[in-house]
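Asks: What follows is a predicted protein model with its sequence.
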Amino acid sequence: MERSHSKEILKNVITIKDLATFSGLSKSTVSRVINNAPNVKPETRERVLRAIEKLGYQPDILARGMVTGSLPMVLVIVGDIQNHYFTQSLAGLASRLEQSGFMVTVVDSGYEHEREVTSIHMARICHFAGIIPMTGFSSELVNLELKEADCPVVLLNCHRDNDLFDRIYGNDFRAGYQATQALIARGYRKVYHFSGNSASSVISSERERGYRQAMQDAGLPITHEMILSGDLRQEGGYQLAQICLNGQDPIAICCNNFLMCLGAMKYAQQQGMTIWKDYGMAICEQPPSFYGNSEFIYVGPNLQEIGKSAADLLLERIVHPGKPPESRLYPGLDIYVP
């Protein structure tokens, strides 16, 4: 009885095939319109939208899963959900995917590869439509699990070359370079760099490489104590600031990220130090939108836009799964100099 009831429900579900028959278009064309794919003629889009309105089509998640063999759900893996770098990229990515009828499942890995492997395995078993790892880290275990995934994979903020998966990444080298350059332009000759764990984070490594290049191009020396590695959270910035902010030398700090910057500025404030009077500060990423006008320099990719670009690339792969993997650099940088 229950099975026949399910069949009756499915019988009444309007499918892509129904839309294709009504509009006189192919199923693949209708699917591209529904998934908001690029390069669709306006008149074609209009024909599909008229069919959707006339037939009352609803992109029902379970029905779509039965038709396509996969659930219209996308797994997104972040390294630290408290870090706005991930939350703002996620906001752009999720809005684009949800507009196209996909639901997003977010896993906070805490930068632990085992968690990433487990979540990817779950997505494989549940036949997710796509996977977007955002951590920027490289692990052979993670790569092996991704290879087994029978769905499109887009690596967001991954700088390492590979010929297996699509990837999109921001210009973190340029962000590190221009942030350091802006401090040098203000007259600072001793610029410290607060880095993350560059041995495992390519994003941190690229920003540090930009810092080094800017110092070299300006003819300024870098001693071993000027590049300080620490935790990417506020505590890390606070601890590193204790090493270099002594209130005597006119120094500047180029911080890897916003959270480290907040920690360093908190320490400076406790010591009675004022930004641009006692020290300079720049970060290699865009701060959160709620932060308002910042006191410090920032240079970084627009995180929401790079998230949208990753979603667009995944949607392209869902519609055209046979294309070879691409590497796309998101070139734009937001720059603010107070």
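Replies: Nice, I can see it. Residues are numbered from 1 along each chain as shown.
Asks: what about the stretch 151-300 of the chain, any weak spots by pLDDT?
Replies: Scanning the stretch 151-300 of the chain for pLDDT under 70 picks out the ranges 159-161, 197-200, 292.
Asks: just the strands in it please.
Replies: Applying DSSP state E, counting those that start in this stretch to the stretch 151-300 of the chain gives strands spanning 154-156, 166-170, 190-195, 227-229, 251-255, 279-283, 297-300.
Asks: Nearest to the spatial middle of this protein, which residue is it?
Replies: S89 (4.4 Å; Cα atoms, centre = their mean).
Asks: Then that one would be within a strand, right?
Replies: No. Counting by DSSP: H, G, I helix; E, B strand; the rest coil, S89 is not part of a strand but helix.
Asks: Spit out the contact partners of E116.
Replies: Going by Cβ atoms under 8 Å, 6 or more residues apart in numbering, E116 touches I77, V107, S109, P133, T135, S139, V142, E145. C-betas here are computed from N, CA, C, even on glycine.
Asks: what helix or strand is it on?
Replies: Applying DSSP states H and E as the criterion places E116 in helix 113-125.
Asks: From A20, how far out is the residue nearest to the centre of the chain?
Replies: 35 Å (Cβ to Cβ, to the nearest Å).
Asks: Could you do F290 as well?
Replies: F290 is 45 Å from A20, by Cβ to Cβ.
Asks: These two: which is more packed in?
Replies: Set F290 next to A20 and count neighbours by other Cβ atoms under 10 Å: A20 wins out with 18 against 6.
Asks: I52 versus the more buried one, what's the distance?
Replies: Counting by Cβ to Cβ, the gap from A20 to I52 is 12 Å.
Asks: cool, Q242 as well?
Replies: Taking Cβ to Cβ, one finds Q242 at 60 Å from I52.
Asks: cool, T274 as well?
Replies: 59 Å.
Asks: Would you mind telling me which of the two has more residues around it?
Replies: More neighbours surround I52 than the other of T274 and I52, with 19 against 10 (other Cβ under 10 Å).
Asks: quick one, what contacts the residue nearest to that one when sequence neighbours are not counted?
Replies: Closest residue to I52 apart from its sequence neighbours, by Cβ to Cβ, 6 or more residues apart in numbering: L19 at 6.5 Å. Taking Cβ under 8 Å, 6+ apart, we find L19 in contact with L25, V30, V48, A51, I52, L55, Y57.
Asks: Torsion angles phi and psi at the third one?
Replies: Looking back up the chat, that one is V48. Note on V48: its backbone torsions stand at phi -70, psi -40 [degrees, to the nearest 10].
Asks: any idea where the helices of the chain begin and end?
Replies: For the chain, the helices defined by DSSP state H cover 2-11, 16-23, 27-34, 42-55, 61-68, 84-99, 113-125, 140-147, 172-185, 202-217, 234-244, 258-270, 303-319.
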